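Novice: coords please:
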Amino acid sequence: MHRVVITGMGVKSPAGSTVQDAFSTVLSGKSTAVHLPELLDAGVPVTFGCPVSGFAPQEYFPPHRLRHLDRPTRLAVAAAVDAWADAGLDGPLTEPGERARGGTYVGTGGAHIAHTAELGTLPRERLPVASVPMIMPNATAARISIRHGLQGPCLTFACACASGSVALGEAMTAIRYGRIDRALAGGVEAMLTPFAVAAFARISALSRRGDAPHEASRPFDRDRDGFVMAEGAAFLVLERADLAEARGARIYGELAGYAAGADAGHIVQPLEDGEVAARTMRAALEDARMAPGDIGHVNAHATATFHNDRAEARAIASCFPAGSPPVTATKGVTGHLMGSGGAVEAVFALLSARAGLVPPTANFTGGPDAEPIDVVHGAPRRIPTAPVLSNSFGFGGHDATLVLVPAES
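Specialist: Purely as a prediction, here's the structure:
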């Protein structure tokens, strides 16, 4: 089996549209939630969210191309372009062998739903010519593969809020077993529209703290009342370690472990005991050939919903019976990035592990459900450089865990 390393990263997120800007914002522990004019004008029950900050699509696409791309595809392709450049790869692959052994792996919970709903309000004779290419679930993966000349597997994973982590894990598996040599893998979501926000509000998933949006996302906190919806994308370049080293690539670290599972319980609520999530975490550690004591910190899924956070705290406590490592929940800053969350948080987790600095969990003041774990809050915490475990859980009972190992500096 081949080791799989990370040589490039790109992010478009509420915390920032470069990797370093986003990580700096996460370290600040300050929420990015704001009221959004389109939600206020629509009169939906929740009028705030975490939009992407600092994104200029015209820097990535000519005007004629922009007309044919919906927002999630713009965000995803741009994040992938940044990751590709960050990996030191110049332009699309041109050698037939390299093209055939490069893959595209995209996770999304439902990025094109919002645009589909918008198109559904138009008279049939006014539908744009590019309607079908814009709403195809596989459209984003196809655009990325075309842009970079990747002719290997071009796959889209829809595992709700675990989608980004699943895309990374499946890309790692393909490289590990020699099916491909390199992949652009990550996740995207962009559903900050009246239709999607109203739908999630209808099932009481969203926080209703409209008087203080910046205090609304409260992972693990006693006063949490739902998540804050966010949009964003993150992509990573994964490569066979020996090939990356041979070309002199800068290596951020290794994607060393991955596991996925299913609660097989409720369609929107996790199992209360968190045992399937804990089993998935243990399986990812086993895949990485590590023990719980090897982990320096945990980047939790922690959406700030009542049932999710309680179940995840129990899962972490079960996975680490000798005591919880430091735990951070970056959704307090970014909001819930849905299907892109696992990919964005993989970036934050690896950067934190490299820096030996765990970001604080925004808006956390304590609570009984958090007592079994060590939630970092108030300020970043300095820790020794060590592997990190990153969790992603989604509606439908999807569980996914990644183990990332920072490169020696």
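
Novice: burial check on residue 72, number of neighbours?
Specialist: Neighbourhood size, residue 72 [other Cβ atoms under 10 Å]: 28. (Glycine included, C-beta is placed from N, CA and C.)

Novice: looking at this, it is in a helix?
Specialist: Yes - under DSSP: H, G, I helix; E, B strand; the rest coil, residue 72 falls within a helix.

Novice: gap between it and residue 260?
Specialist: Relative to residue 260, residue 72 is positioned 23 Å away (criterion: Cβ to Cβ, to the nearest Å).

Novice: can you check residue 129 too?
Specialist: Using Cβ to Cβ, residue 129 is found at 38 Å from residue 260.

Novice: out of those two, which sits in the more crowded spot?
Specialist: Comparing residue 129 with residue 260 by other Cβ under 10 Å, the one with more neighbours is residue 260, at 19 against 8.

Novice: helix, strand, or coil at that one?
Specialist: Under the three-state scheme (three-state DSSP), residue 260 adopts strand.

Novice: how about the CA coordinates for stretch 152-159, as PDB?
Specialist: These are the backbone C-alpha positions of stretch 152-159, laid out as PDB (Å, rounded to 0.1, in the frame of the first residue of the first chain):
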ATOM      1  CA  GLY A 152      -9.300   9.000 -13.800                       C
ATOM      2  CA  PRO A 153     -12.400   8.500 -11.600                       C
ATOM      3  CA  CYS A 154     -14.600  11.500 -11.500                       C
ATOM      4  CA  LEU A 155     -17.000  10.900  -8.600                       C
ATOM      5  CA  THR A 156     -19.600  12.700  -6.500                       C
ATOM      6  CA  PHE A 157     -20.500  11.600  -3.000                       C
ATOM      7  CA  ALA A 158     -23.800  12.700  -1.400                       C
ATOM      8  CA  CYS A 159     -23.500  11.700   2.300                       C
END
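
Novice: what does that stretch contact?
Specialist: Applying Cβ atoms under 8 Å, 6 or more residues apart in numbering, the set of residues contacting stretch 152-159 from outside is 99-110, 137-138, 140-142, 145, 163, 166-167, 170, 174, 179-180, 183, 260, 339, 394, 396, 398, 400.

Novice: average pLDDT for that stretch?
Specialist: Here stretch 152-159 scores 98 as its mean pLDDT.

Novice: and the residue nearest to residue 6 when sequence neighbours are not counted, how close does it get to residue 238?
Specialist: With Cβ to Cβ, 6 or more residues apart in numbering as the measure, residue 252 is the residue that lies nearest to residue 6, at 4.5 Å, once sequence neighbours are left out. Distance of residue 252 to residue 238, given as Cβ to Cβ: 11 Å.

Novice: what do the two both touch?
Specialist: Between them, residue 252 and residue 238 have 5, 6, 7 as joint contacts when contacts are counted by Cβ under 8 Å, 6+ apart.

Novice: out of those, list just those in helices.
Specialist: Judged by DSSP state H, helices contain none of those.

Novice: please compute how far the helix or strand of the chain with the lowest mean pLDDT lies from its chain's middle.
Specialist: Among the secondary structure pieces of the chain, namely its helices and strands, helix 113-119 has the lowest mean (mean pLDDT, DSSP states H and E), a mean of 76. Distance, stretch centre to chain centre, for helix 113-119: 22 Å (Cα atoms, centre = their mean, to the nearest Å).

Novice: go on, stretch 26-44?
Specialist: If you compare the mean C-alpha spot of stretch 26-44 with that of the full chain, they lie 19 Å apart, counting by Cα atoms, centre = their mean.

Novice: show me the shaky parts of this protein.
Specialist: The model of the chain has pLDDT under 70 over residues 409.

Novice: any idea how far residue 344 is from the spatially closest residue to residue 267 that is not a sequence neighbour?
Specialist: The spatially closest residue to residue 267, leaving aside those adjacent along the chain, is residue 396, at 6.2 Å (Cβ to Cβ, 6+ apart). Here the distance between residue 396 and residue 344 works out to 20 Å (Cβ to Cβ).

Novice: tell me the SS of residue 192?
Specialist: Relying on three-state DSSP, one would call residue 192 coil.

Novice: just checking, it touches residue 48?
Specialist: No - using Cβ atoms under 8 Å, residue 192 and residue 48 do not qualify as a contacting pair, with a distance of 9.7 Å.

Novice: these two: which has the busier surroundings?
Specialist: Remark: of residue 192 and residue 48, residue 48 carries more neighbours, 25 against 22, as counted by other Cβ under 10 Å.

Novice: residue contacts, residue 125?
Specialist: Going by Cβ under 8 Å, 6+ apart, residue 125 touches no other residue.

Novice: in the stretch 301-409 of the chain, which spans are strands?
Specialist: In the stretch 301-409 of the chain, the segments counted as strands under DSSP state E, counting those that start in this stretch are 326-328, 357-358, 374-375, 381-382, 388-394, 398-406.

Novice: nearest approach to residue 289 belongs to which of these?
Specialist: Of all the strands of the stretch 301-409 of the chain, strand 398-406 sits nearest to residue 289, with 9.5 Å by Cβ to Cβ.

Novice: contacting residues around residue 109?
Specialist: The neighbours of residue 109, taking Cβ under 8 Å, 6+ apart as the test, are 158, 159, 160, 161, 163, 189, 338, 339, 394, 395.

Novice: gap between the following helix or strand past the least confident helix or strand of the chain and the chain center?
Specialist: Sequence order places helix 131-135 as the next helix or strand after helix 113-119, per DSSP states H and E. Mean-position distance between helix 131-135 and its chain equals 24 Å (Cα atoms, centre = their mean).

Novice: list the buried residues in helix 131-135.
Specialist: Within helix 131-135, the residues scored as buried using 16 or more other Cβ atoms under 10 Å are 133, 134, 135.

Novice: as CSV, those with distance to residue 60 would be great.
Specialist: Putting the buried residues of helix 131-135 into CSV (distance: Cβ to Cβ, whole Å) gives the following:
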residue, distance to residue 60
133, 18
134, 17
135, 21
